[in-house]
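[1] no sequence on this one, just coordinates:
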């Protein structure tokens with residue numbers, strides 16, 4: 001594990017650091033306050049040295065074409081479909097934090113959703129060998145037969161679901177698998193049922209398909225798990241797709257089998273309703289919690305599109321490799337979209353995927369070591385934040401996120417900052433005062449919380465907690481819980 005990094009800063013605050021940088025430059029750029037707008041506005045850096053220039057500019061200027069020495073405005077309007085989609089706030093925050101680090105501000109980044117571990121050596125070596133051996137050409141659109149056969153074996157042995165290779169589609173990441181499936185099964189006006197808190201992309205994918213996202217709130221007191229009775233009350237003739245994510249991003253909640261069986265009974269009573277089961281965090285789970293694939297439940301195979309991939313459990317985020325398994329009719333339709341957009345996934349990544357599935361049951365020792373480290377980090381954070389007044393915690397059973405309710409601090413006033421009026425302003429305050437980047441809960445459909453990723457070393461997390469606690473000393477919970 002990487003050694004701890006010192007995060008001391010002189011001058012202490014980001015504002016002071018920026019002022020310090022300003023005096024070192026002759027630039028006349030205007031200063032802009034830190035913002036978590038999902039459009040990447042310039043961050044709070046007045047000016048930097050030539051080697052630290054930040055090129056974060058907003059697209060929106062009118063483009064002009066010179067025709068016969070005259071200027072003509074070009075129509076730069078965008079389609080209503082694209083305008084209905086919000087940019088990813090998690091990506092925006094991660095990029096802003098990265099920009100600050102590049103500017104010399106030592107921000108601790110706990111916003112990104114990727115493991116901090118290197119890809120296991122056996123997988124990396126398989127990728128290197130693929131390049132050396134000339135395995136660098138196009139593969140079949142659906143993925144290599146070798147990889148799809150290995151996926152079928154994994155799903156049978158680990159998940160209790162039987163598929164044939166023509167019922168598997170390998171894509172450039174699980175995100176592509178999901179959006180293609182949403183586009184395939186949803187028609188304009190259909191409803192996509194999404195429990196909140198949710199992964200930020202689910203509602204936007206529904207909008208891309210001209211479908212309507214129907215958000216069903218859950219409660220921290222229920223560990224953010226969907227109440228079957230509430231689900232049934234929200235279903236209509238327009239309900240087409242229910243999206244479940246277990247273990248969950250952003251909450252780390254894991255659906256127990258009994259609860260999934262209750263949900264399956266409701267699904268069975270609605271002929272049009274399909275289920276998207278996002279199982280990308282399947283192997284990052286903490287005993288005694290166990291994972292259940294929705295398609296393995298009685299009567300649900302025909303109704304379920306199972307999505308998984310290699311990014312999280314195998315620390316392969318940059319390899320961009322995911323897959324969907326389901327009835328051939330739906331999977332083939334997803335393949336049509338893929339064939340006309342990206343075509344197949346990287347040949348090199350697919351060799352890495354075969355190696356990953358060859359590590360053993362649930363990833364073998366390489367993955368168990370990662371999970372053990374994640375659990376140690378989770379336990380530390382739960383204990384540390386449990387010591388703070390006014391903070392509500394649902395202990396995550398999987399993934400590597402903590403979704404904390406800080407709403408008792410809302411309404412606090414901070415000299416030189418203003419009022420903490422929600423999750424976004426709290427996260428801006430923590431970035432400015434503590435130099436820690438976390439994600440506001442409103443991005444996930446729950447403004448009472450913030451998401452902290454513990455995909456960072458324990459030493460880094462200890463430093464982050466110390467800084468967050470120090471920043472919160474200036475705040476007093478408006479409502480004690």
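    That came through fine. Here the structure is a predicted model, which is why all the values come from computation and not from measurement.
[2] can you give me the strands for the stretch 301-450 of the chain?
    Under the criterion DSSP state E, counting those that start in this stretch, the stretch 301-450 of the chain contains strands at 304-309, 322-325, 401-405, 413-414, 418-419, 436-437, 439-440, 449-453.
[3] now for the ones you listed, which one comes closest to residue 475?
    Of all the strands of the stretch 301-450 of the chain, it is strand 413-414 that lies closest to residue 475, at 6.9 Å by CB to CB. C-beta coordinates here come from the backbone N, C-alpha and C atoms, glycine included.
[4] where does the protein dip in pLDDT?
    Where the chain drops to pLDDT under 70, the residues are 1-70, 477-481.
[5] would you map the helices across the stretch 351-481 of the chain?
    Using DSSP state H, counting those that start in this stretch, the helices of the stretch 351-481 of the chain run over 364-386, 423-434, 458-472.
[6] where's the residue sitting nearest the centre point of the chain, which helix or strand?
    The centroid of the chain falls nearest to residue 113 when counting by CA atoms, centre = their mean (5.2 Å). In this structure, residue 113 sits in neither a helix nor a strand according to DSSP states H and E.
[7] re earlier: adding mean neighbour count and distance to residue 170, write the helices of the stretch 351-481 of the chain out as JSON lines.
    What follows is the helices of the stretch 351-481 of the chain, written out as JSON lines (neighbours: other CB atoms under 10 Å; distance: least, CB to CB, whole Å):
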{"stretch": "helix 364-386", "mean neighbour count": "17", "distance to residue 170": "20"}
{"stretch": "helix 423-434", "mean neighbour count": "23", "distance to residue 170": "36"}
{"stretch": "helix 458-472", "mean neighbour count": "18", "distance to residue 170": "34"}
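[8] in a markdown table, list those along with distance to residue 309.
    Below are these laid out as a markdown table (distance: least, CB to CB, whole Å):
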| stretch | distance to residue 309 |
| --- | --- |
| helix 364-386 | 14 |
| helix 423-434 | 28 |
| helix 458-472 | 25 |
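[9] just to revisit the earlier point, would you turn the strands of the stretch 301-450 of the chain into TSV with distance to residue 224?
    Putting the strands of the stretch 301-450 of the chain into TSV (distance: least, CB to CB, whole Å) gives the following:
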stretch	distance to residue 224
strand 304-309	20
strand 322-325	24
strand 401-405	7
strand 413-414	29
strand 418-419	27
strand 436-437	23
strand 439-440	15
strand 449-453	9
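[10] rebuild those as a markdown table, extending it with distance to residue 366 and mean neighbour count.
    Formatted as a markdown table, the strands of the stretch 301-450 of the chain follow (distance: least, CB to CB, whole Å; neighbours: other CB atoms under 10 Å):
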| stretch | distance to residue 366 | mean neighbour count |
| --- | --- | --- |
| strand 304-309 | 17 | 26 |
| strand 322-325 | 19 | 27 |
| strand 401-405 | 22 | 24 |
| strand 413-414 | 45 | 14 |
| strand 418-419 | 47 | 12 |
| strand 436-437 | 29 | 25 |
| strand 439-440 | 28 | 27 |
| strand 449-453 | 21 | 27 |
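[11] residue 186 is nearest to which of these?
    The nearest among these, by CB to CB, is strand 304-309 at 11.8 Å.
[12] who are the packing partners of that closest one?
    helix 174-185, strand 274-278, strand 322-325 (3 or more CB pairs under 8 Å, 6 or more residues apart in numbering; DSSP states H and E).
[13] contacting residues around the second one?
    Among residues not part of strand 274-278, those counted as contacts by CB atoms under 8 Å, 6 or more residues apart in numbering are 174, 178, 181-182, 185, 199, 240-246, 267, 293-295, 300, 303-307.
[14] how near is residue 453 to residue 100?
    17 Å (CB to CB, to the nearest Å).
[15] one more: residue 469?
    Residue 469 is 21 Å from residue 100, by CB to CB.
[16] for residue 459, same thing?
    Taking CB to CB, one finds residue 459 at 20 Å from residue 100.
[17] check residue 444 too.
    Separation of residue 444 from residue 100 (CB to CB): 23 Å.
[18] out of the two, which sits in the more crowded spot?
    Per other CB atoms under 10 Å, whichever of residue 444 and residue 100 has more neighbours is residue 444, with 27 against 24.
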